[in-house]
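1. Please work out how this folds:
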Amino acid sequence: MDAAYWPHLFPGMVLVGAGVGLSLVAAQVAAFIGIPPSVSGLAGGMIETAREIGGALGTAVVASVAVAATGELLADGTPAGPALTEGFRRGSLVAAGLNLAGLLVALAVLRRAERAPTASTD
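-> Next comes the predicted model:
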């Protein structure tokens, strides 16, 4: 099956870009909620360090799965094109699983936004 850029790839690329952009802002907001100004630099450094390490580790895991799956299929005699496609598919499934795991951890661990009590005007 042949894929064309505009109808098949471009919509997914737009969604990935929007998702990454929105999630980075949400992570920054979550990191700074309830943090005293005296440690805001530390909080910013921690969130950026976690982002960098997570990106490097996630890329390594997904690439390892994709390469291993492709290698197995090539060793079994599968032609290169279908073997690469299946390797990328398995890597994408692992990436989706990691995203789901991250969502579940975020829902379980992140605290509710702390709200300052409102002054009554009675």
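
2. Flag every buried residue along the strand or helix carrying Glu86.
-> Secondary structure from DSSP states H and E places Glu86 in helix 80-109. By 16 or more other CB atoms under 10 Å, the buried positions in helix 80-109 come out as 83-84, 86-87, 90-91, 94-95. Heads up, the C-betas are built off the backbone N, CA and C, glycines and all.

3. of all the residues you listed, which comes closest to Ala50?
-> Distance to Ala50 across the buried residues of helix 80-109 (CB to CB) is lowest for Ala95, with 17.5 Å.

4. Leaving aside the residues adjacent along the chain, what's closest to the closest one?
-> Val62 (4.9 Å; CB to CB, 6 or more residues apart in numbering).

5. For whichever helix or strand the one you found is part of, give the mean pLDDT please.
-> If you go by DSSP H and E, Val62 is part of helix 40-75. Averaging pLDDT along helix 40-75 yields 95.

6. That one versus helix 80-109: what angle between them?
-> On the basis of axes from the mean of the first three to the mean of the last three CA atoms, to 10 degrees, helix 40-75 is oriented at 150 degrees to helix 80-109.

7. Now helix 40-75: buried residues?
-> Buried, per 16+ other CB under 10 Å, within helix 40-75: 43, 47, 62, 65-66, 69-70, 73.
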